[in-house]
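Chemist: Okay, predicted coordinates and the sequence, questions at the end:
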Amino acid sequence: MSRNHQGALLLTALAILLPVVVIVSIGVGAVPIPAGDILTILFDRLGLSDSTISNQSALIIESIRLPRTLLGLIVGGSLAVAGASMQGLFRNPLADPSIVGVSSGAALGAGIAIVLGGLLFAGAPSLVQSYSVSILAFVGGVLSTWLVYKVGTTSNGTSVATMLLAGVAINALAGAGMGMLNYVADDTMLRNLTFWQMGSLGGATWDLVIICATLLIPVVLVLGRYGLVLNALLLGESEARHLGIDVQKVKLTLIFLTALAVGVSVSVSGFIGFVGLVVPHLIRLAVGPDHRILLPASAMLGGILLLVADMMSRTIVAPAELPIGIVTALMGAPFFLSLLWQQRKRIV
Amino acid sequence: MKKTFKPLLATLVAVSAAMGANTAMAHGSHDNQRIVSAGNGVTEIIYALGAGDQVIAVDQTSTWPMEVNQLPRLGYHKQLSAEGILALEPTLLIGTEDMGPTSTLTQLKSAGVAVEALPLEHTADSIEQQIKSLAGILGKEEQGEALWDDIEDSLDEAQAMAAAYQQQHEKNVPVLFVLTMGGRSPTIAGSGTAANAIIGLAGGYNPAAEQFKGYKALSNEAMLLLAPEVIIFPGSTSNPDMTPAKLLEQMPILKQTPAGQNGRVVAIDGNMLLGGLGPRTGDVALSLAKSFYSDQGNPSSNES
């Protein structure tokens, strides 16, 4: 079977799996709700039937599981597409969004909000105060990416190698900043910092879903159109230039779309590692490096993976919740290792 | 754990079923609540008020009394899961203003669960207020009065000992709370900590409180400068392996302090300090005061 056929098959399979996982995710939780009730509630909200289901079940579906599922879908998809774009742009299988400093910058921003938020946002309106962590995480992520990009760019264009090094330096700097914050933080702040870094979709509300959807869905769609360009870049920068691609413009666009995608994702759900790095690899191992398949397939698999991880996160230790970052790493890392083990001959 | 929990759940379900519609009304009836408690101090007070049989789940910090270890755990009280809690079908969530996230609390309220967030400060007033509010919520006003009177008596006694000592010696006993962190330099409680509060309530004086907030690791020299006459550390039931001798062995610098030289190193139950002060605070403060001030007739004699 040719690579193209495999790709089409994979996309179809993912497109079928995705709605199934979404429905299962709405159906699974600490409170048992029969499948029939769930369908009735959903149809009822669409104005298709009259519901006789208890108020509580409706509330759980409507204001807890549904926004959470949608948020997981959007965040997972964005992180995976951002990872695939970075790996393509840097032509480096180890690249993930953290390589341009966006994750560590976001973490530092969130840390500042958690530890110093009381001072910084003292006079701000309560809406700003309640979202201060998200706002500063986003600002931190975009600022650090901008810094990395500036360091790597000269009049001759952007050097990917310099950006990688600048990213390492920014990560170290942000790490030092986090260390300082840890040192001055009190017990409660320390716990908040730790939990934030482990990530969670638990704060999902419809407001957040709407904000994320309006910001991230366009980003994912635009990134998805860069398949051919990234394929050309795989040949090398000068080769891509000869193919008529404005490489400098592509770099700028991809870096900032990625920073936007990851910045927003991290600011609403905390630090969810691993998805951006591994999902594109899984797809590549299955159907090869064609970005026309890789980008949309990563988006779908990223959403699926994060939803599955979230289902585990909220059921394993119910009534408590296991931070989702732990689940994604625990679930994905061994799987990824075993894939590498099986395929290492083919990769080398 | 499941097995021991089931009969309890069964009884509670039976009771609430028998009570009928009233169960849903959080404030309608006092004796048939299904309480979820998020905060060690709050949990201890509920049990001390005699309403422990209505508690169906507790957060991670609640470890006292022993019965709560049989109950389902909610995890950390700032990371509560709305659906996880709703699955337990509670009528009332009680915690401190520290609990969250806000989105969970809002969702619980809209699902008809009464949410009570009590103010949390490390002061005796805050304990009194918590006990009285909880007594009001649970309809245990009499028990609340009695409980607070006991605590107040112990605290007064501790303060009286301190006052007598101060009159005689014109100073308070400097006390440090020391956390051991895997053999690194000692971590000391500064101001704004529950440990600092308990030192104050026991009539001691925490020289570290003037220098910093929260818990900080101190250098050996700074430790000597603070010159504590008594050192307290988390041990006893929360950490039975840690004895005063072992603490001194792990941190030799403590031997150079007046407390170390005179062997005045006291273990207290660390769990009691984790989630704020609670009903045991009175007893702990009094026993600490005794260790600070008894046998202290003549300070130069260096009691055994």
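Modeler: Cool, got the structure. Nothing here was measured: the structure is a model prediction, and the numbers come from that model. Numbering: from 1, shown residues only, chains lettered A, B, ... in the order given.

Chemist: three-state assignment of the residue in the stretch 1-150 of chain A positioned nearest to chain B?
Modeler: Nearest residue of the stretch 1-150 of chain A to chain B: A:A30, at 3.6 Å (C-beta to the nearest C-beta). Where C-beta positions appear, they are placed from N, C-alpha and C, glycine not excepted. Under DSSP: H, G, I helix; E, B strand; the rest coil, the three-state class of A:A30 is coil.

Chemist: Quickly find the element holding the closest residue to chain B within chain A.
Modeler: Of all residues in chain A, A:A320 sits closest to chain B, at 2.8 Å by C-beta to the nearest C-beta. For A:A320, there is no enclosing helix or strand under DSSP states H and E.

Chemist: Where is the longest helix in chain B?
Modeler: helix B:141-169 (DSSP state H).

Chemist: which parts of that one are buried?
Modeler: Within helix B:141-169, the residues scored as buried using 16 or more other C-beta atoms under 10 Å in any protein chain shown are B:143-144, B:147-148, B:151, B:154-155, B:157-159, B:161-162, B:165.

Chemist: now stretch A:145-155
Modeler: For stretch A:145-155, by 16+ other C-beta under 10 Å, it's A:145-149, A:151-153.

Chemist: Can you report phi and psi for the residue of the stretch 51-200 of chain B found nearest chain A?
Modeler: With C-beta to the nearest C-beta as the measure, B:G75 is the residue of the stretch 51-200 of chain B nearest to chain A, at 2.8 Å. Main-chain torsions, B:G75, degrees, to the nearest 10: phi 90, psi -160.

Chemist: count of neighbours near the residue of the stretch 1-150 of chain A closest to chain B?
Modeler: For A:A30, the neighbour count with other C-beta atoms under 10 Å in any protein chain shown is 20.

Chemist: quick one, what contacts the residue in the stretch 201-304 of chain B that chain A sits nearest to?
Modeler: Nearest residue of the stretch 201-304 of chain B to chain A: B:G214, at 4.2 Å (C-beta to the nearest C-beta). B:G214 makes contacts with A:185-187, B:189-190, B:192-193, as judged by C-beta atoms under 8 Å, 6 or more residues apart in numbering or on different chains.

Chemist: One more: A:L201?
Modeler: Going by C-beta under 8 Å, 6+ apart, A:L201 touches A:68, A:71-72, A:75, A:269, A:306, A:310, A:313, A:324.

Chemist: So it, which state does it fall into?
Modeler: With three-state DSSP as the criterion, A:L201 reads coil.

Chemist: Let me see the ranges of the helices in the stretch 201-304 of chain B.
Modeler: Ranges of helices within the stretch 201-304 of chain B are B:220-226, B:244-250, B:258-261, B:271-274, B:281-293, based on DSSP state H, counting those that start in this stretch.

Chemist: of all those, which lies closest to B:G136?
Modeler: Taking C-beta to C-beta, helix B:281-293 is the member of the helices of the stretch 201-304 of chain B nearest to B:G136, at 20.1 Å.

Chemist: Touching the closest one from outside, list them.
Modeler: B:124, B:127, B:150-155, B:157-159, B:161-162, B:164-165, B:173, B:175, B:198-199, B:201-204, B:230, B:232, B:264, B:266, B:268-269, B:272.

Chemist: If we go by neighbour counts, what in it is buried?
Modeler: B:281-282, B:284-286, B:288-289, B:291-293.

Chemist: same question, stretch A:114-132
Modeler: Buried, per 16+ other C-beta under 10 Å, within stretch A:114-132: A:114-117, A:121, A:129, A:131-132.

Chemist: In helices, which of the residues you listed fall?
Modeler: Short answer: these in helices (DSSP H) are A:114-117, A:129, A:132.

Chemist: Check what pLDDT B:D153 gets.
Modeler: The model reports B:D153 with a pLDDT of 92.

Chemist: Report the separation between it and A:L252.
Modeler: Look at B:D153 and A:L252: by C-beta to C-beta, to the nearest Å, they are 72 Å apart.

Chemist: just to revisit the earlier point, out of the buried residues of stretch A:145-155, who's nearest B:Q70?
Modeler: The shortest approach to B:Q70 among the buried residues of stretch A:145-155 belongs to A:T145, at 50.2 Å (C-beta to C-beta).

Chemist: quick one: low-confidence ranges for the stretch 51-200 of chain B?
Modeler: For the stretch 51-200 of chain B, the stretches with pLDDT under 70 are B:181-184.

Chemist: those strands in it, which residues are they?
Modeler: With strands called from DSSP state E, counting those that start in this stretch, the stretch 51-200 of chain B shows them at B:55-58, B:92-96, B:114-118, B:175-179, B:187-189.

Chemist: Show me how far the shortest one is from its chain's centre.
Modeler: In terms of C-alpha atoms, centre = their mean, to the nearest Å, the gap separating the centre of strand B:187-189 from the centre of its chain is 17 Å.

Chemist: same thing with the third one?
Modeler: Taking C-alpha atoms, centre = their mean, the mean C-alpha location of strand B:114-118 is offset from the chain mean by 19 Å.

Chemist: could you give the angle of that strand to strand B:92-96?
Modeler: Counting by axes from the mean of the first three to the mean of the last three C-alpha atoms, to 10 degrees, strand B:114-118 lies at 20 degrees to strand B:92-96.

Chemist: which parts of the stretch 51-200 of chain B sit against chain A?
Modeler: Listed as neighbours of chain A in the stretch 51-200 of chain B under the rule C-beta under 8 Å from any C-beta of the partner chain: B:57, B:60, B:72-76, B:78-79, B:81-88, B:98, B:101-104, B:107, B:110-112, B:192-193.

Chemist: Can you say which of those residues are buried?
Modeler: Here, 16+ other C-beta under 10 Å leaves B:57, B:60, B:72-76, B:78-79, B:81-88, B:98, B:101, B:103-104, B:107, B:111, B:192-193 buried among these.

Chemist: Which of the residues you listed fall in helices?
Modeler: B:82-86, B:103-104, B:107.

Chemist: just the residues you listed now: which is nearest A:T12?
Modeler: B:E83 (33.0 Å).

Chemist: A:V81 touches A:L294, doesn't it?
Modeler: No - using C-beta atoms under 8 Å, A:V81 makes no contact with A:L294, being 9.3 Å away.

Chemist: out of these two, which sits in the more crowded spot?
Modeler: A:V81 (33 against 30).

Chemist: mind checking the SS state of that one?
Modeler: A:V81 ends up helix, using three-state DSSP.

Chemist: which residue is nearest the centroid of chain A?
Modeler: Nearest to the mean C-alpha position of chain A, counting by C-alpha atoms, centre = their mean, stands A:L79 at 2.5 Å.

Chemist: Run through the residues that contact that residue.
Modeler: A:97, A:261-262, A:265, A:272, A:275-276, A:279, A:302, A:306.

Chemist: Could you pick out which of those are located in helices?
Modeler: Per DSSP H, those map to helices at A:261-262, A:265, A:275-276, A:279, A:302, A:306.

Chemist: Closest one to A:A176 out of those residues, please.
Modeler: Nearest member of these to A:A176, counting by C-beta to C-beta, is A:V262, at 21.2 Å.

Chemist: And for the closest one, the neighbour number?
Modeler: 32.
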